[in-house]
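[1] need coordinates for the below:
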Amino acid sequence: MSEITLSSAVRQNLLSMQSTARMMASTQNRLATGKRVNSALDNPTNFFTASSLNSRGSDLSRLQDSVGNSIQTIEAADNGIKAITKLVESAQGTARQALQSEKGEIITAKVEGSRIKVKDVDTDVMGIKQSDHLSFDIDGTIKTVGLDGTESLTEIAKKISEIEGLTATVQDDGKGRFSIDVDTEDDIKTFEALGTGAEILGITGENTATLSEKSATRKSLESEFNDLLIQIDQLTNDASFNGNNFLDGDNLKVIFNETGLSSLTIKGVDTTSAGLGLAAALSDSFQFNSQIDATLKTLDAATITLRSNASTFGSNLSIVQARKDFTDNMINTLETGAGNLTLADTNEEGANLLALQTRQSLSTTALSMASQADRAVLSLFS
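    Presented below is the predicted three-dimensional model:
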């Protein structure tokens, strides 16, 4: 206060005590906050640099939540693929068991050609041209017989017999009339001769296998097979995490940095039975070995697809996990860098506070000694 007059010694000690008090307050603040730079006033360069580092670290930390969710989504898909693979393997076992079980009694109607008059009964040659079409639809698969127009009926029958499941023979009624009869194996369900060549030879009409007595075992295994396909569809639908299902065709973009320029798009797949190329067995189809063999081929292809999908998801998981670990380390580096710019050395600040407290005590003693000269005046009035 300006109206109070202090001696030079007292004022000097007062200023020293005030300075010590300010330094003690600053030191105590550093100890309390753990930082030597608490505002831009303390050190503008360090403060704003540390603030930028901490901001980037916070942005990356927020991204880590979505990255973690993507890892869980991939793991859910991987778990689903493993379970679906087991179901496919069970379906393979069911089909193989059906293939090894006893078949039912099967009646296969024979396709008999029309009796055709042949002019030259000695050479047994038909009027087949190279352009005439002769092929067979066997259970939906087209098999074609190549002809050049010079073959005899016997040679034509031999070429037809080279088709798996077919047996052709030349029939002679002894009166100059010849025909080609085509018989099929029991496992062929449907058979039809096609083309102009078939018409010329008289191999016409459709042959459909019928069952006189079904195998109860195969019928039961057929039902089990279809049930497994239903379970595959249900499991695919259940392999979701946080609303994303990679096994049901969902895609997910995973962002790795704060600018969004570093990312990975994980593409989903379709692991339903239809997506894997599997179809429910038609009624009584397991009664025929050819149909079971065809089913086993689709199951083998489905297994290969699932393994490929598992490999792809495994690769994606490795990438995302590696980026997550990198980002964790990066956040730690940013926070450490920010701390190096702003954090206080508590040991040093503790020593400073102790020194300041000692200085404060000494200043108090010095102030007391400085004021003794002023108190000596009082002795003149005693």
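[2] where do the helices sit along the stretch 151-300 of the chain?
    Ranges of helices in the stretch 151-300 of the chain, per DSSP state H, counting those that start in this stretch, are 153-161, 196-201, 216-238, 289-342.
[3] flag whichever of these has the least confidence on average.
    Of all the helices of the stretch 151-300 of the chain, mean pLDDT reaches its minimum on helix 196-201 (a mean of 74).
[4] can you pull the buried residues of it?
    Buried residues in helix 196-201, counted by 16 or more other CB atoms under 10 Å: 197, 198, 201. Quick note: C-beta positions are derived from backbone N, CA and C, even for glycine.
[5] touching, the last one and residue 156? I think so.
    It refers to residue 201. Yes. Residue 201 is within contact range of residue 156, at 7.1 Å (criterion: CB atoms under 8 Å).
[6] re the thing from before, redo the helices of the stretch 151-300 of the chain as JSON lines? Include distance to residue 39.
    Below are the helices of the stretch 151-300 of the chain laid out as JSON lines (distance: least, CB to CB, whole Å):
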{"stretch": "helix 153-161", "distance to residue 39": "97"}
{"stretch": "helix 196-201", "distance to residue 39": "97"}
{"stretch": "helix 216-238", "distance to residue 39": "54"}
{"stretch": "helix 289-342", "distance to residue 39": "10"}
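[7] of all the ones you listed, which one comes closest to residue 261?
    Among those, helix 289-342 comes nearest to residue 261, with 13.2 Å by CB to CB.
[8] and that closest one, how far out from the chain middle?
    The chain centroid and the centroid of helix 289-342 are separated by 7 Å, computed with CA atoms, centre = their mean, to the nearest Å.
[9] same check, this time on stretch 279-286
    Relative to its chain's centre, stretch 279-286 lies at 30 Å (CA atoms, centre = their mean).
[10] what do you get for stretch 53-73?
    Stretch 53-73 has its C-alpha centroid displaced from the chain centroid by 21 Å (CA atoms, centre = their mean).
[11] who's in contact with that stretch?
    Stretch 53-73 is contacted from outside by 241-242, 244, 246, 252, 254-258, 266, 317, 320-321, 323-324, 327-328, 330-331, 334-335, 337-338, 341, using CB atoms under 8 Å, 6 or more residues apart in numbering.
[12] now, of those residues, which are buried?
    241, 244, 246, 252, 254-256, 266, 317, 320, 323-324, 327, 331, 334-335, 337-338, 341.
[13] run through who's touching stretch 227-246.
    So stretch 227-246 is contacted by 69, 72-77, 79-80, 83-84, 87-88, 90-91, 94, 247-248, 250, 252, 266, 268-273, 275-276, 278-280, 313 (CB under 8 Å, 6+ apart).
[14] tell me which residues touch the residue nearest to the spatial centre of the chain, please.
    Residue closest to the mean C-alpha point of the chain, counted by CA atoms, centre = their mean, is residue 313 at 3.9 Å. Listed by CB under 8 Å, 6+ apart, the contact partners of residue 313 are 74, 77, 78, 81, 246, 266.
[15] can you lay out those as a markdown table showing distance to residue 144 and pLDDT?
    Converted to a markdown table, these look like this (distance: CB to CB, whole Å; pLDDT from 0 to 100):
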| residue | distance to residue 144 | pLDDT |
| --- | --- | --- |
| 74 | 48 | 93 |
| 77 | 44 | 94 |
| 78 | 45 | 93 |
| 81 | 40 | 95 |
| 246 | 43 | 93 |
| 266 | 45 | 92 |
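[16] report the two of these separated the most.
    The widest separation within the contacts of residue 313 (CB to CB) is 13.7 Å, between 81 and 266.
[17] are we agreed that residue 85 is in a helix?
    Yes. The assignment for residue 85 is a helix, going by DSSP: H, G, I helix; E, B strand; the rest coil.
[18] tell me which helix or strand of this structure sits lowest on mean pLDDT?
    Using mean pLDDT, DSSP states H and E, the weakest-scoring helix or strand in the chain turns out to be strand 116-117, at a mean of 35.
[19] paired strands for whatever helix or strand comes next after it, with orientation please.
    Moving toward the C-terminus from strand 116-117, the next helix or strand (DSSP states H and E) is strand 135-138. Strand 135-138 sits in its sheet next to strand 141-144 (antiparallel), strand 190-194 (antiparallel), going by DSSP bridges.
[20] re the thing from before, in strands only, show me the contacts of stretch 227-246.
    252, 266 (DSSP state E).
[21] buried members of the contacts of stretch 227-246 into ChimeraX, please.
    To isolate the buried ones among these in ChimeraX, judged by 16+ other CB under 10 Å, type:
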select :69,73,74,76,77,80,83,84,87,88,90,91,94,247,248,250,252,266,268,269,271,272,273,275,276,278,313
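[22] residue 359 - nearest residue in space that isn't next to it in sequence?
    residue 20 (5.1 Å; CB to CB, 6 or more residues apart in numbering).
[23] now do residue 146
    Using CB to CB, 6+ apart, the closest residue to residue 146 is residue 159 (7.3 Å).
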